[in-house]
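K.L.:
Here is my input; please provide its structure:
(one chain, ligands or ions: 2)
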Amino acid sequence: MQNRNDGTIVASIGASRSGKSVPIKRAVESLPRVLAFDPKGEYSSQLGFERITSIEALIKRCQELGSKPAQLALFASDKKSFDAMCGVAYIWNMYAPIAAVCEELARVTSVSKAEGNWGRLTNQGLAYGITIFATVQRGQEVDKTLLNNASFIHVCRHSTDDDCEYIAKKLGVDLSEIPRKKLEFLQWTSDLGIVSRGTIDFPVSKKTKKWPEGCPRFRSKGGNRRVLTIGSDGRFKQIKYT
Ligand SMILES: Nc1ncnc2c1ncn2[C@@H]1O[C@H](COP(=O)(O)OP(=O)(O)OP(=O)(O)O)[C@@H](O)[C@H]1O
Ligand SMILES: [Mg+2]
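P.N.:
Ligands and ions are numbered 1, 2, ... in the order given. So this is what the prediction gives:
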């Protein structure tokens, strides 16, 4: 049973440019306390997060901030920096809950089980109300701790038959459910199976500073088509997850 302080893990899985990061950016862009592992620099360049380029600077900044709001992006891509960032995220979250964004997990974690500070964050951080958003291109490349502990899994386009088969089997859904087109998605929970299917588009009428080509719009597919709104925990407000 969930209690109020339980955190959330969201795993977003799909091929390159399939739409994994867009919903995460939507969820975190207006959150007060966020720390992103940002190998491409997109959270700082697009969303205006404070760019931090060393672990020393990150530690100093989080110590200064304590429980205050800040959106921080660590511009790094190596395993050592990722592990250290997870350690900082764990401690910064103790001051007041944060969202931690972990992009491109396959480059920085092992497939067996979550280790080191990443393991501590995914196993113990939840008890302190952290929200973890993680992206990976293929289900085979992510540790079992993450998939087993995920509050829900956001599945985007998979490009090969092998990858589709792996994730369909892992989630216990029909192979035909796995998105094959860019910007299509489904969401899954271990209790309910598939909870939503949909597509993203970017209406040009909705340009903002952070979304100069158009702000993303999430629309459900199927009989009951509607525009979905993402909450700060990454869940669509209109969908029942439990
Ligand atoms: N503001 C926007 N306007 C129009 N299209 C956009 C916008 N933002 C993203 N896209 C489109 O959405 C696609 C998916 O973007 P996203 O960054 O979510 O992909 P991704 O799966 O995270 O890719 P990667 O593996 O490279 O990180 C992009 O290829 C781009 O075409
Ligand atoms: Mg991405």
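
K.L.:
So residue 148 lies in a helix, does it not?
P.N.:
Yes - Residue 148: assigned to a helix according to DSSP: H, G, I helix; E, B strand; the rest coil.

K.L.:
Would you mind giving the secondary structure of the most centrally placed residue in the chain?
P.N.:
The centre of the chain sits closest to residue 133, judged by C-alpha atoms, centre = their mean, with a distance of 2.5 Å. For residue 133, the secondary structure call by three-state DSSP comes out as strand.

K.L.:
Tell me who's in contact with it.
P.N.:
10, 12, 24, 27-28, 99-102, 234 (C-beta atoms under 8 Å, 6 or more residues apart in numbering). Placement of C-beta: from N, CA and C, glycine included.

K.L.:
For beta bridges, what are the partners of it?
P.N.:
residue 10, residue 101 (DSSP bridges).

K.L.:
Residue 37 now?
P.N.:
If you apply DSSP bridges, the partners that residue 37 bridges to are residue 74, residue 102.

K.L.:
pretty sure it is in contact with residue 85, am I right?
P.N.:
Yes - if you go by C-beta atoms under 8 Å, residue 37 and residue 85 touch, sitting 5.4 Å apart.

K.L.:
Need the overlap of contacts for these two.
P.N.:
The contact lists of residue 37 and residue 85 share 74, 76, where a contact means C-beta under 8 Å, 6+ apart.

K.L.:
where along the chain do the strands fall?
P.N.:
Secondary structure of the chain by DSSP state E: the strands cover 8-13, 33-37, 50-52, 70-74, 99-102, 131-136, 152-155, 184-189, 193-201, 217-220, 227-228.

K.L.:
Out of these, the one nearest ligand 1 is which?
P.N.:
Ranking the strands of the chain by proximity to ligand 1 (C-beta to the nearest ligand atom) places strand 131-136 first, at 6.0 Å.

K.L.:
C-alpha coordinates for the closest one, PDB please?
P.N.:
The C-alpha coordinates for strand 131-136 follow below in PDB (Å, rounded to 0.1, in the frame of the first residue of the first chain):
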ATOM      1  CA  THR A 131      10.600  11.400  -7.900                       C
ATOM      2  CA  ILE A 132      13.000   9.700 -10.400                       C
ATOM      3  CA  PHE A 133      12.600  10.100 -14.100                       C
ATOM      4  CA  ALA A 134      14.900   7.800 -16.100                       C
ATOM      5  CA  THR A 135      15.300   7.300 -19.800                       C
ATOM      6  CA  VAL A 136      16.800   4.300 -21.700                       C
END
